[in-house]
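**Student:** Give me the fold of what follows.
(one chain, ligands or ions: 1)
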Amino acid sequence: MEKGKVVLAYSGGLDTSICIPLLRERYGFEEVTTVFVDVGQPAEDIRAAEKKGQKLADQHITIDARERFVSDFVFPSVKANASYEGYPVGTALARPVIAEEVVQVADRIGAEAIAHGCTGRGNDQLRFDFVIRSSGFRVIAPVREMNLTREWEIEYAREKNIPVAAVRGSPYSIDENCWNRSIEGGKLEDPAYHPPEEIYRWTASPDDAPGEADIVTIAFERGIPTEIDGSRMRGIDLVTEMNVRAGRSGVGRNDMIEDRILGLKAREVYEHPAATALITAHRDLEQLVLSRQELAFKRMVDDRWSELAYMGLVYEPLFWALSAFVDKTQERVTGSVDLRMHKGSVRPVGRSSPESLYAPDLVSFDSTCIDQATAEGFSRYFGLQAQILRQKKKTGR
Ligand code: ARG
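**Tutor:** Sure, this is the predicted structure:
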């Protein structure tokens, strides 16, 4: 049997709550510290976790990591236009922050091990384990190790006087941070089942969204969003504001089949209004200021960056090398983009930048700056090898 202290990454949900008595009874730890890391979960979840943690554990700690989450993970993901299989990664970005904060507590109090409540089916176990092990701590994952089922957990919770009513109330598994809200499980496990409107919290139904379009201006400095409609805000406030603003227009919903890291396909429903709006604006600004070569190469880098972020491999040297490339390109991504948001859609309608590569004098139909006759020389040799082949073979199509 173990002795000593263990730190538990705590959410207040059923899985992590039953871990508290299990860590004492089954694993033999003497002291359980629960840590709730705030990355933008609903205020009532934070309060509920605090109450439960204080009651069930020896010590409960709440850490506000919202601004760090935004500056260290969310905004870098905007620079990389990060999306996995078509949706802006969110949960994946938050896990390393949560794990790192928990590691810091474990270091401070001299814990023997770090525990989490992940199951053995999802991605989160891999993301948590990776950070915890990289930091030199042993991982304890009771739900995975004991192969627990939900029914067993509910029964055990009752036995241990852990409130399960709230857990029973929602038939879904919901994960939330300031960048993304994900809903899975319950009836949604049938991929053919249409998500009911009541699962959404951040976005208006596009059908019920205002009939009038909302035009919003986003300013960027070196790839980082800094202003909404001319008012400067710190990261977390900008993201929060953008969630409200874009969510009102029904922007940022996603219902998809996702390939988890283990290979399982899962049905996921997401809400991410700010992410959709900010990445749409960012991409558009890049299109104005980056060269064609940079854009083409960066699309590949963005893809690989996103995949590593999805896997939670934040200490992978390739991740840092790709991040360095992205940062280099972002030196010129300064300017602003006007977005038009309307009944679930968002599209750029105007953009400007001091770093713009747009050359109005050259491209305009009215301009005389380009001597059109000189373009003929360029055109003559354009696609030369194909021209030669086609003349020889008289086929090829
Ligand atoms: N599939 C998403 C991911 O791996 C979300 C997982 C967490 N969602 C949840 N409802 N528990 O990033």
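**Student:** Spell out which parts of this protein neighbour the ligand.
**Tutor:** Contact residues (C-beta under 6 Å from any ligand atom) of the chain with the ligand: Thr91, Ala92, Asn123, Ser173, Ile174, Asp175, Ser182, Glu184, Glu258, Glu268. The way it works is simple: take the backbone N, C-alpha and C, and place the C-beta from them, glycine included.
**Student:** pLDDT score for the third one?
**Tutor:** Asn123 is assigned 97 on the pLDDT scale.
**Student:** Next, the distance between the ends of stretch 55-65.
**Tutor:** 23 Å (C-alpha to C-alpha, to the nearest Å).
**Student:** Counting neighbours, which bits of it end up buried?
**Tutor:** Residues Leu56, Ala57, Asp58, His60, Ile61, Thr62, Ile63, Ala65 are the ones in stretch 55-65 that count as buried (16 or more other C-beta atoms under 10 Å).
**Student:** Isn't the fourth one up against Glu50?
**Tutor:** Yes - at 6.1 Å, His60 counts as touching Glu50 under the criterion of C-beta atoms under 8 Å.
**Student:** intersection of neighbour lists for the two?
**Tutor:** Common contact partners of His60 and Glu50 (C-beta atoms under 8 Å, 6 or more residues apart in numbering): Phe36.
**Student:** related to what we said a few turns ago, could you rank the residues of the chain next to the ligand by neighbour count and give me the top one?
**Tutor:** Neighbour counts for the residues of the chain next to the ligand, by other C-beta atoms under 10 Å, peak at Ala92, which reaches 26 neighbours.
**Student:** quick one: what helix or strand has that residue in it?
**Tutor:** Element membership for Ala92 (DSSP states H and E) is helix 91-109.
**Student:** Next up, phi/psi of the closest residue to the ligand within the stretch 151-300 of the chain, please.
**Tutor:** Among the residues of the stretch 151-300 of the chain, Asp175 lies nearest to the ligand; the distance is 3.6 Å by C-beta to the nearest ligand atom. Backbone torsions for Asp175, taken as degrees, to the nearest 10, come to phi -120, psi 130.
**Student:** What about the closest residue to Ala113 other than its chain neighbours, how many residues nearby?
**Tutor:** Distance criterion C-beta to C-beta, 6 or more residues apart in numbering; nearest residue to Ala113, sequence neighbours excluded, is Arg138 at 4.2 Å. Residues contacting Arg138 under the criterion other C-beta under 10 Å number 13.
**Student:** which residues sit in contact with Arg138?
**Tutor:** Neighbouring residues of Arg138 by C-beta under 8 Å, 6+ apart: Glu112, Ala113, Ile114, Ile132.
**Student:** rewinding a little: cross the residues of the chain next to the ligand against helices and list the overlap.
**Tutor:** Of these, the ones assigned to helices by DSSP state H are Thr91, Ala92.
**Student:** could the residues of the chain next to the ligand go into TSV alongside distance to Asp45?
**Tutor:** Formatted as TSV, the residues of the chain next to the ligand follow (distance: C-beta to C-beta, whole Å):
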residue	distance to Asp45
Thr91	15
Ala92	20
Asn123	21
Ser173	13
Ile174	9
Asp175	11
Ser182	14
Glu184	17
Glu258	24
Glu268	20
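**Student:** For Ser291, state which of the residues of the chain next to the ligand is nearest.
**Tutor:** Ala92 (29.9 Å; C-beta to C-beta).
**Student:** leaving aside the residues next to it on the chain, what's closest to the closest one?
**Tutor:** Nearest residue to Ala92 in three dimensions, chain neighbours excluded: Tyr310, at 4.8 Å (C-beta to C-beta, 6+ apart).
**Student:** how many neighbours does the one you found have?
**Tutor:** Residue neighbour count, defined by other C-beta under 10 Å, stands at 22 for Tyr310.
**Student:** buried stuff in stretch 143-150?
**Tutor:** Val143, Arg144, Leu148.
**Student:** what's the burial count for Arg127?
**Tutor:** Residues contacting Arg127 under the criterion other C-beta under 10 Å number 27.
**Student:** for the residues of the chain next to the ligand, which one is nearest Arg201?
**Tutor:** Nearest to Arg201 among the residues of the chain next to the ligand: Ile174, at 8.7 Å, using C-beta to C-beta.
**Student:** distance of the residue nearest to the closest one when sequence neighbours are not counted from Arg150?
**Tutor:** Nearest non-adjacent residue to Ile174, counting by C-beta to C-beta, 6+ apart: Ile183, 5.4 Å away. Distance of Ile183 to Arg150, computed by C-beta to C-beta, to the nearest Å: 17 Å.
**Student:** Over to Tyr156?
**Tutor:** 11 Å.
**Student:** which residues of the stretch 251-397 of the chain score low on pLDDT?
**Tutor:** Per-residue confidence for the stretch 251-397 of the chain (pLDDT under 70) gives these ranges: 395-397.
**Student:** Do a quick rundown of the strands in it.
**Tutor:** Along the stretch 251-397 of the chain, counting by DSSP state E, counting those that start in this stretch, strands occupy 253-259, 265-271, 335-342, 345-352.
**Student:** Report the contact partners of the residue nearest to Gly312 when sequence neighbours are not counted.
**Tutor:** Leaving aside its chain neighbours, Gly312 sits nearest to Arg127 (3.0 Å; criterion: C-beta to C-beta, 6+ apart). By C-beta under 8 Å, 6+ apart, the residues touching Arg127 are Ala92, Arg95, Pro96, Ala99, Met311, Gly312.
**Student:** Need the contact partners of stretch 89-96.
**Tutor:** Stretch 89-96 is contacted by residues 39, 69, 73-74, 77, 82-84, 123-124, 127-128, 131, 175, 177, 179-182, 270, 272, 275, 306, 309-312, 314 when judged by C-beta under 8 Å, 6+ apart.
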